[in-house]
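Next comes the sequence, and after it the predicted model I'd like to discuss.
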Amino acid sequence: MGEKAGAASIFEFLTAKNPKIDYPAPTSTKLTARSNYLWPKQLKAWTEFTFSTLKSVYGGRLITEARRTSGLTLDYPRISAESDCVVNDEPTTICVLTKWNHTIVNAALEEDTVRRLFHPCIWRAKMGQDDSAYKADKNSTRLKADAGAVSLCKVCRGSQDMSSAPERLPKDYKTASKWNSSPLFGGQLTDEAGEWRWGEVHKQEAMPIRQAYTYCVQRGCRYGCILTTNEAFIFRIKPRTTERGVAFPFLTRVYGFSTKELTQPSLGHRRRAFQQHPGIEADSQDRWVDGIRFHSLGEPQRWQP
């Protein structure tokens with residue numbers, strides 16, 4: 001792929017056309033699955049999140065800064081169609097997402113004025129065995145996300161350095177030819193109310209949602225995402241209201257849903273998890289998730305001003 005000219009603004013930088021991906025047959029059609037994955041009880045569309053949201057947050061300063069064209073040097077990463085854009089498994093997915101999307105997003109967030117005005121969190125790569133937040137507990141059963149986000153602001157982090165700062169946005173990578181979010185919205189897995197159809201929560205197509213949701217619960221995060229080279233599925237966890245008017249926790253995505261653990265005997269474990277992570281209420285046994293999906297690579301759905 002030829003080298004792209006630099007962007008004139010952060011907005012242009014972040015909404016540039018993504019590389020075209022070639023999808024040979026995947027090396028395997030299986031998805032990671034564990035019996036101890038939690039699940040949200042309900043999935044709902046995250047309808048409040050629109051371009052108007054971006055224009056209004058921070059009193060309009062965010063979109064103004066994103067459109068600023070003076071004093072910027074924003075060069076696109078070099079990427080090879082032959083070696084980087086052939087994706088048929090998770091390692092090749094991680095390669096292109098890291099080289100292209102990760103690099104662009106972090107360059108935008110680390111721009112001097114953005115960093116000073118908005119105190120952003122940056123995309124943190126692989127969160128594996130060396131994640132210092134888990135070193136102390138050798139017997140920890142908490143799962144380790146593929147990537148995450150950590151605050152750039154020293155004041156926000158306090159005495160913690162970047163390696164031990166709290167997680168803000170767990171990310172899970174999936175191969176686009178093996179998984180996409182369409183079954184969640186086509187009525188195959190959930191009913192009209194967004195609640196799981198009988199037995200569907202145990203299907204392979206549901207496992208990425210459960211996996212990413214589990215990362216969020218275990219790390220006390222309200223937001224999470226699943227990334228493929230075709231879409232970004234972003235969700236939030238929030239309380240839902242039952243017919244009896246009682247508020248419980250739930251998961252929302254930009255498409256959305258709610259939460260429940262795999263089996264009733266594991267209820268106690270879920271309660272302990274909520275108690276350990278005050279960001280999600282200890283009495284929140286019943287949540288839904290709001291979710292949104294954006295095309296990530298290939299032909300993207302772009303924000304229109």
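Arrived safely. Since this is a predicted model, take the numbers as computed values, not measurements.

Quick one: the helices in this structure, in order.
Per DSSP state H, the chain carries helices over the ranges 10-14, 51-56, 61-67, 90-96, 103-109, 112-118, 132-135, 154-157, 182-185, 207-219, 267-276.

winner for burial among these?
By mean neighbour count, with neighbours taken as mean count of other C-beta atoms under 10 Å, helix 207-219 ranks first of the helices of the chain at a mean of 25. To be clear about C-beta, it is placed using only N, CA and C from the backbone, and glycine gets the same treatment.

Dump that helix to PDB, keeping only the CA atoms.
Taking Å, rounded to 0.1, in the frame of the first residue of the first chain, the C-alpha atoms of helix 207-219 are listed here in PDB:
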ATOM      1  CA  MET A 207     -18.900 -16.400  23.800                       C
ATOM      2  CA  PRO A 208     -17.100 -13.200  22.700                       C
ATOM      3  CA  ILE A 209     -19.800 -11.100  24.400                       C
ATOM      4  CA  ARG A 210     -19.500 -13.100  27.500                       C
ATOM      5  CA  GLN A 211     -15.700 -13.000  27.400                       C
ATOM      6  CA  ALA A 212     -15.500  -9.200  27.100                       C
ATOM      7  CA  TYR A 213     -18.200  -8.800  29.600                       C
ATOM      8  CA  THR A 214     -16.300 -10.900  32.100                       C
ATOM      9  CA  TYR A 215     -13.200  -8.800  31.600                       C
ATOM     10  CA  CYS A 216     -15.200  -5.700  32.500                       C
ATOM     11  CA  VAL A 217     -16.800  -7.200  35.600                       C
ATOM     12  CA  GLN A 218     -13.500  -8.600  36.900                       C
ATOM     13  CA  ARG A 219     -11.700  -5.300  36.400                       C
END
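
tell me what that helix is packed against?
Under the contact definition 3 or more C-beta pairs under 8 Å, 6 or more residues apart in numbering; DSSP states H and E, helix 207-219 sits against strand 171-173, strand 223-227, strand 232-241, helix 267-276.

And K260, what's its pLDDT?
Looking at K260, its pLDDT reads 31.

ugh, wrong one, I meant G279
Per-residue pLDDT puts G279 at 37.

before we move on, the earlier item: and the helices of the chain: which comes nearest A147?
For A147, the closest of the helices of the chain is helix 90-96, at 8.4 Å, according to C-beta to C-beta.

now what about the closest one, what contacts it?
Residues outside helix 90-96 that contact it (C-beta atoms under 8 Å, 6 or more residues apart in numbering): 19, 21, 79, 84-87, 146, 173-176, 228-229, 297.

and if we set it to 7 Å?
Contact partners of helix 90-96, identified using C-beta atoms under 7 Å, 6 or more residues apart in numbering, comprise 84-87, 173, 175, 228-229.

repeat for stretch 109-117
Stretch 109-117 is contacted by residues 10, 61, 65, 108, 120, 122, 152 when judged by C-beta under 7 Å, 6+ apart.

any idea of the mean pLDDT for it?
Mean pLDDT, stretch 109-117: 91.

Next: stretch 225-239.
Stretch 225-239 comes out at a mean pLDDT of 91.

Ends of that stretch, what's the gap?
One end of stretch 225-239 sits 18 Å from the other (C-alpha to C-alpha, to the nearest Å).

Check stretch 170-185 too.
22 Å.

same question for that stretch, mean pLDDT?
Per-residue pLDDT over stretch 170-185 has a mean of 91.

Would you mark the buried spots in that stretch?
Within stretch 170-185, the residues that qualify as buried by neighbour count (16 or more other C-beta atoms under 10 Å) are 170-181, 183-185.

got the contact list for that stretch?
23, 26, 29, 31, 43, 87-90, 93-94, 97, 145-148, 189-190, 205, 208, 211-212, 215-216, 219, 221, 224-231, 233, 255, 293.

For that stretch, what is the distance to the chain centroid?
11 Å (C-alpha atoms, centre = their mean, to the nearest Å).

which of the buried residues of stretch 170-185 lies closest to S35?
S35 lies nearest to D172 out of these, by C-beta to C-beta, at 17.7 Å.
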